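Engineer: What follows is a predicted protein model with its sequence.
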Amino acid sequence: MSFTLPIRVPSLSTPLRTQSEAIPFGSVIPKRCRDFGGLLLAILFVFLGICPKSVSAQGYPGFPAATLSNSATPLRGITMVPFHSDFYGNILYSFYANTDGRLAYAYSADGSNFLAQDIPGNGSGGFFNIAQDAAIGDFTAAVGSVVFNANTIFLGYVEAGTYQLVIVEADFIPGVNWGLSFHEVYRDRNAGGATTAPGMVIAPNGNVVAMYGTSGRSSVLNEGWTTYRDVTTGIWSSKDANLNCPTQPGLANFRNSIYMVQRQNGGGGRGIWENILDNTGFYINGTGHQIIGSTYWGLSMLVWQGELIFAAQENNGEHALDIYASLDGVNWVTNRYFGIDIGATPGIALYNGGLTAAFKANDARYVTYATHSTP
């Protein structure tokens, strides 16, 4: 396991340098041998059967300075999904709880500027209201999202008042500002309430999986539960996930498995843990381990250029954006973007060949900042 030290970038007026640009790093056998001696050394290692124990990720997104999007007003965390329609082409949606605690969304055509915030109504004439009270923590005031079969968006959130996990499906309204409406498809009515917004992912077999923390279902602190949609029957189910989940987790389909990252459970800890789940979101015993690093808020994760990466908020007072990267899902290196400061769980998404990170401002304002990296 390896960890790279942060390097401060002096100015926001120029694109932010990543650590990988400042200090090259690699595995024991370099990705490219730079001289004949390096080549001979690599051949000798192979001949002797010596292999490096760890493999470090080879690159990070080169994020420029973040752009302010005043029309998008998240209360806490942001989640994003790219979507393609024949009518509009490629659009990047962001979803969040707005300052009134209602489900809201905005869209971007360039991966940096989010426009036209909208607050969709529900079928009864009201709104989709998201839990946000301090009694169960700020980690509910966010949304999980995922695209299913390239033509359906599912969202998950904790409902205000009931603290039940609710899954809604987006209905598309062609020709109306990339407009969306939603209808409820599942509600977790198990005893006790949900305490975190869900992380969501498409499992290797096609199931839709949502992972979240709960309270009051047992004596277990922040007991994790999984809600999943069976790809064959279309039926949604919920069950104990066999782990703890204290904040919104990051989930990704990597190497034919569901990888999950989360904040450390209990004791005020802010370390980061990694787990592997089955196709229903159930924890596979013996797969969990700690990743060097820490975070205050939740996490978001995806696969970028063959690397498993996740975004987190630095946990030492500066609140910089941290990107963790791994080529094998076991050994991780970290890049810190000084000058890109985040105030809640960040969202990351692949869009138009690049990578977008979006997040609430790290101050009293409820505004969105976003930055987009092209390859």
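Structural biologist: Structure received.

Engineer: Where does pLDDT dip in the chain?
Structural biologist: The model of the chain has pLDDT under 70 over residues 1-58, 133-139, 174-177, 265-269, 375.

Engineer: For the residue most central in space within it, give me its contacts.
Structural biologist: Centrality entry for the chain: nearest residue to the mean C-alpha point is residue 300, 1.3 Å, by C-alpha atoms, centre = their mean. Contact analysis of residue 300 by C-beta atoms under 8 Å, 6 or more residues apart in numbering lists 79, 199, 250, 310, 311, 345, 346, 347, 348. For the C-beta atoms, the positions are set from N, CA and C on the backbone; glycine is no exception.

Engineer: So what sits opposite it in the bridge?
Structural biologist: With DSSP bridges applied, residue 300 shows beta-bridge pairing to residue 311.

Engineer: pretty sure residue 290 contacts residue 270?
Structural biologist: No: counting by C-beta atoms under 8 Å, residue 270 is not a contact partner of residue 290; they are 11.7 Å apart.

Engineer: who's more crowded, the two?
Structural biologist: Between residue 290 and residue 270, residue 270 has the larger neighbour count (other C-beta atoms under 10 Å), namely 18 against 12.

Engineer: Confirm for me that the more buried one is in contact with residue 295.
Structural biologist: Yes: Residue 270 lies in contact with residue 295 (C-beta under 8 Å); the separation is 6.0 Å.

Engineer: anything in contact with each of these two?
Structural biologist: Common contacts of residue 270 and residue 295 (C-beta under 8 Å, 6+ apart): 263, 315.

Engineer: Neighbouring strands - and their directions - for the helix or strand in which residue 116 is found?
Structural biologist: In this assignment (DSSP states H and E), residue 116 forms part of strand 115-118. If you go by DSSP bridges, strand 115-118 pairs up with strand 103-108 (antiparallel).

Engineer: Show residues contacting the partner strand.
Structural biologist: Contacts of strand 103-108 (C-beta under 8 Å, 6+ apart): 69, 71-74, 91-98, 114-120, 127-130, 143, 155, 157, 168, 178, 180, 182, 351, 356, 368, 370.

Engineer: Any chance of a ChimeraX selection covering the buried ones in those residues?
Structural biologist: Only the buried members of the contacts of strand 103-108 enter the following ChimeraX selection, criterion being 16 or more other C-beta atoms under 10 Å:
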select :69,72,73,74,91,92,93,94,95,96,97,98,114,117,118,120,127,128,129,130,143,155,157,168,178,180,182,351,356,368,370
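
Engineer: from the contacts of strand 103-108, which ones fall inside strands?
Structural biologist: Using DSSP state E, the subset of these located in strands is 69, 91-97, 115-118, 155, 157, 168, 180, 182, 351, 356, 368, 370.

Engineer: residues in contact with residue 301?
Structural biologist: 199, 250, 251, 252, 259, 260, 261, 308, 309, 310, 311, 348.

Engineer: do you know how far the closest residue to it other than its chain neighbours is from residue 312?
Structural biologist: Nearest residue to residue 301, sequence neighbours excluded (C-beta to C-beta, 6 or more residues apart in numbering): residue 250, at 3.2 Å. Distance, residue 250 to residue 312, using C-beta to C-beta, to the nearest Å: 8 Å.

Engineer: which residues do those two both contact?
Structural biologist: In terms of C-beta under 8 Å, 6+ apart, residue 250 and residue 312 are both contacted by the residues residue 299.

Engineer: Highest neighbour count among the contacts of residue 301?
Structural biologist: Going by other C-beta under 10 Å, residue 199 tops the contacts of residue 301 with 32 neighbours.

Engineer: Would you map the strands across the stretch 1-150 of the chain?
Structural biologist: 67-69, 79-85, 89-97, 103-108, 115-118, 144-148 (DSSP state E, counting those that start in this stretch).

Engineer: okay if I get those as CSV plus distance to residue 278?
Structural biologist: Rendered in CSV, the data for these read as follows (distance: least, C-beta to C-beta, whole Å):
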stretch, distance to residue 278
strand 67-69, 38
strand 79-85, 23
strand 89-97, 26
strand 103-108, 29
strand 115-118, 36
strand 144-148, 17
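
Engineer: Just tell me which of those ends up closest to residue 205.
Structural biologist: strand 144-148 (12.8 Å; C-beta to C-beta).

Engineer: Parallel or antiparallel, list what pairs with that closest one.
Structural biologist: Neighbouring strands of strand 144-148 in its sheet, by DSSP bridges, are strand 152-158 (antiparallel).

Engineer: What's the separation between the closest residue to residue 159 other than its chain neighbours and residue 184?
Structural biologist: Nearest residue to residue 159 in three dimensions, chain neighbours excluded: residue 166, at 5.0 Å (C-beta to C-beta, 6+ apart). Remark: distance between residue 166 and residue 184 (C-beta to C-beta) = 6 Å.

Engineer: and these two? which has more neighbours close in?
Structural biologist: Counted by other C-beta under 10 Å, residue 166 and residue 184 do not tie: residue 166 has more neighbours, with 24 against 13.

Engineer: CA atoms only for the strand or helix carrying the more buried one - export them in PDB, please.
Structural biologist: Per DSSP H and E, residue 166 falls inside strand 165-172. C-alpha atoms of strand 165-172 as PDB (Å, rounded to 0.1, in the frame of the first residue of the first chain):
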ATOM      1  CA  LEU A 165     -35.400   4.800   2.100                       C
ATOM      2  CA  VAL A 166     -37.400   5.700  -1.000                       C
ATOM      3  CA  ILE A 167     -36.400   4.700  -4.600                       C
ATOM      4  CA  VAL A 168     -37.900   6.800  -7.500                       C
ATOM      5  CA  GLU A 169     -37.600   6.400 -11.200                       C
ATOM      6  CA  ALA A 170     -37.200   9.300 -13.600                       C
ATOM      7  CA  ASP A 171     -39.700  10.000 -16.300                       C
ATOM      8  CA  PHE A 172     -38.400  12.000 -19.300                       C
END
